[in-house]
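Student: need a structure here:
(chains A and B)
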Amino acid sequence: DAKTTQPNSMESNEEEPVHLPCNHSTISGTDYIHWYRQLPSQGPEYVIHGLTSNVNNRMASLAIAEDRKSSTLILHRATLRDAAVYYCILSTDSWGKLQFGAGTQVVVTP
Amino acid sequence: ETGVTQSPTHLIKTRGQQVTLRCSSQSGHNTVSWYQQALGQGPQFIFQYYREEENGRGNFPPRFSGLQFPNYSSELNVNALELDDSALYLCASSLKTADTQYFGPGTRLTVL
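Tutor: Got it, this is the predicted structure:
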């Protein structure tokens, strides 16, 4: 199964952008790149996903490298509510099994 | 629109007992997936149910079993509980099998 590599933690100041990197060098052509986040004491929450092109939604932007071996989740203006563990996941099955890694703990300071 | 709900919130069992956890999927969602999350780790996929049939399974022993009902709600059953089964159990529903998954708040199981 294709795996992802993320930094253990990142810190950001409130209202600053946050760029979360993810490496997935063994990604296959049909793998979607998903990002979920998990706030303390809650279940994971969908953030964004994409295949080849960059994607934007109300929560974040996803920038995908041209060779698809890496991607970056961009939170444009971090708030204290964005403090969470962010997971970068490749969906390798047609039925959508999510293989979570350890994720990146994002700390936002006022 | 009601999101994914799980019951109970917390549960304490002793080793060797059996437990049943319940999940109500989001309205209109026919697919339910179950995950186990040990403390400090990411969730691990247990299995998925689609239209009342198991549709895929992770690396968990047969004592982990499940059901999905005609209204698409689901149960996770764990027999012969072990200490390592202590974890947060998460249920996620989706509109179809490979679609975005929406997670419930989880059930915290403690095995003593």
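Student: run the chain-centre distance for stretch B:70-85.
Tutor: Here stretch B:70-85 shows a centroid-to-chain-centroid distance of 6 Å under the convention C-alpha atoms, centre = their mean, to the nearest Å.
Student: just the C-alpha atoms of it, please, in CSV.
Tutor: Only the C-alpha atoms of stretch B:70-85 are listed here, as CSV (Å, rounded to 0.1, in the frame of the first residue of the first chain):
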residue,chain,number,x,y,z
PRO,B,70,-31.5,-2.1,6.5
ASN,B,71,-31.5,1.5,7.7
TYR,B,72,-27.7,1.4,7.3
SER,B,73,-26.9,1.8,10.9
SER,B,74,-24.1,-0.5,12.1
GLU,B,75,-22.7,-2.5,15.0
LEU,B,76,-19.2,-3.5,15.8
ASN,B,77,-18.8,-6.6,18.0
VAL,B,78,-15.6,-7.6,19.7
ASN,B,79,-15.4,-11.0,21.4
ALA,B,80,-12.9,-12.2,24.0
LEU,B,81,-11.7,-8.7,24.8
GLU,B,82,-7.9,-8.2,25.3
LEU,B,83,-6.2,-5.4,27.1
ASP,B,84,-4.8,-4.1,23.8
ASP,B,85,-8.4,-3.6,22.5
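Student: report the buried residues of it.
Tutor: For stretch B:70-85, the neighbour count (16 or more other C-beta atoms under 10 Å in any protein chain shown) marks B:72, B:73, B:74, B:75, B:76, B:78, B:81, B:85 as buried. Backbone N, C-alpha and C define where each C-beta goes, glycine included.
Student: now the second one: how far from chain A?
Tutor: Distance, residue B:73 to chain A, by C-beta to the nearest C-beta, to the nearest Å: 16 Å.
Student: retrieve the pLDDT associated with the residue nearest to that residue when sequence neighbours are not counted.
Tutor: By the measure of C-beta to C-beta, 6 or more residues apart in numbering or on different chains, the closest residue to residue B:73 outside its immediate chain neighbours is residue B:24, 4.8 Å from it. pLDDT, residue B:24: 97.
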